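**Student:** How does the following fold in three dimensions:
(one chain, ligands or ions: 1)
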Amino acid sequence: MAVRTSYEVVHTCGHTVTRNLSDRPADKRAAFARWLASKECTDCWKAAREGDSASTEEWLAARRAAEQQAAADWAAQFDMPVLEGPEKALEWGERSRHSLVTAAYTSLVTEGTWDEADWAALEEKIRTITRAGWWIDQRDAEGTDLPELLDAATEADRGTENPFR
Ligand SMILES: [Zn+2]
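**Tutor:** Residues are numbered from 1 along each chain as shown. Down below sits the predicted model:
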């Protein structure tokens, strides 16, 4: 009697796939075929994974676009200068600046002891830092650290244009 090598596997997704299990030890084939039957077929498994990563990508892109819009609106409202740097750093720099500066406002003014005059002085310093990379580097900083970070910024981080227009 020939040893069976070919198994019809009915997967959980409903697809029937004929599998050649000749590369498995003869005494393990039946168990392996049963294990396969407890899973989706390869095509369905791949399709599900690709669907997941596509929707995650879409979700991330939508969230980034919303953050970008919020950062641009904020920059326009508070007369923040356009950032300088490599093309691909500009939007990231804008988002980083927006989130750090709003976090700083919340901790220092809304929840802190600063008044609007203190903040206005800090805002002038914020406007002088136009290197996108500087803002990206500070993306994980605490809002309360912003004044100190601004003081530590170097000439290279400041814009070539006069911010005091
Ligand atoms: Zn399937």
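**Student:** Point out the residues in the protein that sit beside the ion.
**Tutor:** For the chain, the residues in contact with the ion (CB under 5 Å from the ion) are 13, 15, 41, 44. (Glycine included, C-beta is placed from N, CA and C.)
**Student:** The second one touches residue 44, doesn't it?
**Tutor:** Yes. Taking contacts as CB atoms under 8 Å, residue 15 lies within contact range of residue 44: 6.7 Å.
**Student:** Domain map for the protein?
**Tutor:** Annotated domains of the chain cover 6-40, 61-157 [automatic domain parsing].
**Student:** Could you measure from residue 118 over to the ion?
**Tutor:** 64 Å (CB to the ion, to the nearest Å).
**Student:** what's the helix or strand for the residue nearest to residue 64 when sequence neighbours are not counted?
**Tutor:** For residue 64, ignoring the flanking residues on the chain, the nearest one in space by CB to CB, 6 or more residues apart in numbering is residue 95 at 7.7 Å. Using DSSP states H and E, residue 95 sits in helix 87-105.
**Student:** Report the buried residues of the lowest-mean-pLDDT helix or strand in the chain.
**Tutor:** Sorting the helices and strands of the chain by mean pLDDT, DSSP states H and E puts helix 42-77 at the bottom, at a mean of 91. By neighbour count on 16 or more other CB atoms under 10 Å, the buried set for helix 42-77 is 71, 74, 75.
**Student:** I appreciate the help and will end here.
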